[in-house]
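Chemist: Model the following, please.
(chains A and B)
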Amino acid sequence: MLLVVTYSAAARTALRNLCRRHEGVVVRRFGRAALLDATVYAAFLALRLRASHGGDVQIERTEPFNEFATLDEPVREAASAYANRDAKSTPYAAFAAGTDHPDPETMRGEDL
Amino acid sequence: MSGQRERPGEGVASEAPDCGGVATETEPAVPDPAAVLGRVPTRTSLGRELAAAARTRGLSSSVRDELVEISDAIAAIEVEAVDLDAARRRVAAASGEEERLKERVAALRGRVQARRETGAETDDALGELESAAAELSVAQSERVAAEQALRRAREQAADARDARERRLELRDRLRNRRRDARRELARGVYPAFREALEAVPGGDPEDAGERLGGYTGPALAGSLAAVRLARIERPVVLGTEAAAWIAGRGGTAPESVVDAAVLRPCRRPGR
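Modeler: Numbering: from 1, shown residues only, chains lettered A, B, ... in the order given. Predicted coordinates for the structure are as follows:
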């Protein structure tokens, strides 16, 4: 999908108008950003917005996230184990220390 | 696309068709009352008119200092241009070239293979394969370099966007504070406005209602009353519509209606 983010009042208003006028391409709307569907038409609309508002419009392409395809099992397990921990105040680093759960610094250094 | 340039403030005014609602780089933190009340019709709201009138009477809102502070903060933000066009174009071109050469290498490899199988001479085919492979390796380095350049440009753009985001937040806050200031100021002169309506053709104190926002009378009468209660040094420009309004309702001298010097509209030639 396409993520369109605006950085000025005028660009924000224009994005709002775009979403209102072209509801069909809008997947989701946020305050000054919107997710558009992955069609050439949506990209065309996004490009038009950027042509009018230059650097006040950012266009990014997003990918569906599948943790089963993208992540190793220990990472998924650590996430669910930490969510279900007993001591709610334990930070993750302390939770993971001395266990098989992945270390946060290590994960930080790894690209998806 | 590559000619795209930043247009600071260009779109800002277009968000506020009610005019003067959003600060631009050139706009003062507190609007000049003469700019709001210097001509009738004012083409703005009663609230803005009354706030401007209040300022001419020496009133200032409790958020005045904050308005100046926010305006200064906005002016101090330096916004760099964000233009990744060239970097994106380079990556796309390099990737395309790499793909093309990969296909060519694969095809040449197939040709060499086929010639070997049939026992045909392979020198020429091998030579072509070698030179294509060399080209491919150059193209691959170019693609990697292009991707690195794009990554760096994106990092710089992220900083520029932080600044834009901050500016947008400040502008939003400024707009809200200005609205607060206008309400406060307009409330402060509302009793005087009600009184001024008495002296304005087509005006009626009853129309003012209980409080700010309750005015139900004609917009022109409201504007004239706002100008009347303002202390304006410069003459007020009366448009044709406003002059006709006054003349058609009892013929009081415009000067005594607005309690200020008045400039008449220029008559069009031939009239």
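
Chemist: Run a quick neighbour tally on residue 80.
Modeler: Because you didn't say which chain, this covers chain A. 8 (other Cβ atoms under 10 Å in any protein chain shown). Just so you know, the C-beta spots here come from the backbone N, C-alpha and C atoms, and that holds for glycine as well.

Chemist: should've been chain B
Modeler: Quick note: B:Glu80 (other Cβ under 10 Å) scores 14 neighbours.

Chemist: do the same with B:Pro191
Modeler: 12.

Chemist: And the pLDDT at the closest residue to chain B within chain A?
Modeler: Among the residues of chain A, A:Ala10 lies closest to chain B, at 2.5 Å counting by Cβ to the nearest Cβ. pLDDT, A:Ala10: 96.

Chemist: show me what contacts the residue nearest to B:Glu184 when sequence neighbours are not counted?
Modeler: Once flanking residues are discounted, B:Glu184 sits nearest to B:Ser61: 4.7 Å by Cβ to Cβ, 6 or more residues apart in numbering or on different chains. By Cβ atoms under 8 Å, 6 or more residues apart in numbering or on different chains, the contact set of B:Ser61 is B:Leu67, B:Asp180, B:Ala181, B:Arg182, B:Glu184, B:Leu185.

Chemist: quick one: the fifth one and B:Leu67 touch, right?
Modeler: This means B:Glu184. No. Look at B:Glu184 against B:Leu67 with Cβ atoms under 8 Å: they stay out of range, at 11.6 Å.

Chemist: Please identify which of the two sits among more neighbours.
Modeler: Counted by other Cβ under 10 Å, B:Glu184 and B:Leu67 do not tie: B:Leu67 has more neighbours, with 22 against 18.

Chemist: mind checking pLDDT for the more buried one?
Modeler: With respect to pLDDT, B:Leu67 scores 93.

Chemist: same deal with the one 10 residues further on?
Modeler: Reported pLDDT at B:Ile77 in the predicted model: 94.

Chemist: Also B:Ser2?
Modeler: In this model, B:Ser2 carries a pLDDT of 39.

Chemist: Likewise for B:Gly250?
Modeler: 80.

Chemist: re the thing from before, with respect to chain A, which of the contacts of B:Ser61 is nearest?
Modeler: B:Leu67 (17.1 Å).

Chemist: for that closest one, helix, strand, or coil?
Modeler: Secondary structure for B:Leu67, judged by DSSP: H, G, I helix; E, B strand; the rest coil, is helix.

Chemist: Which residue is the nearest non-sequential neighbour of it?
Modeler: Closest to B:Leu67 by Cβ to Cβ, 6+ apart is B:Ala29, at 4.6 Å.

Chemist: repeat for B:Ala196
Modeler: B:Ala225 (4.0 Å).

Chemist: can you give me the strands in the chain?
Modeler: Going with chain A. A:2-6, A:26-29, A:33-36, A:57-61 (DSSP state E).

Chemist: sorry, should have said chain B
Modeler: Under DSSP E, chain B gives strands at B:39-40, B:236-238, B:262-263.

Chemist: For chain A, which of these is the nearest?
Modeler: With Cβ to the nearest Cβ as the criterion, chain A lies closest to strand B:39-40 of these, at 26.6 Å.

Chemist: Strand partners (parallel or antiparallel) of the closest one?
Modeler: strand B:236-238 (parallel) (DSSP bridges).

Chemist: show me the contacts for the nearest residue to B:Ala53 once chain neighbours are set aside.
Modeler: Excluding the flanking residues, the one nearest B:Ala53 by Cβ to Cβ, 6+ apart is B:Ala230, at 3.8 Å. Residues in contact with B:Ala230 (Cβ under 8 Å, 6+ apart) are B:Pro33, B:Leu37, B:Ala52, B:Ala53, B:Thr56, B:Arg57, B:Ala260.

Chemist: so which of the residues you listed comes closest to B:Ala106?
Modeler: B:Ala52 (74.5 Å; Cβ to Cβ).

Chemist: Roughly how far does the closest one sit from B:Asp32?
Modeler: 8 Å (Cβ to Cβ, to the nearest Å).

Chemist: Compare the two (neighbour count), which wins?
Modeler: Under the neighbour definition other Cβ under 10 Å, B:Ala52 and B:Asp32 were set side by side, and B:Ala52 has more, 29 against 13.

Chemist: Would you confirm that the more buried one contacts B:Ser45?
Modeler: No. Look at B:Ala52 against B:Ser45 with Cβ under 8 Å: they stay out of range, at 10.7 Å.

Chemist: count of neighbours near A:Ser52?
Modeler: A:Ser52 has 16 nearby residues by other Cβ under 10 Å.

Chemist: and chain A, which residues reach chain B?
Modeler: Residues of chain A lying close to chain B (Cβ under 8 Å from any Cβ of the partner chain) are A:5, A:7-14, A:32, A:50-56, A:58.
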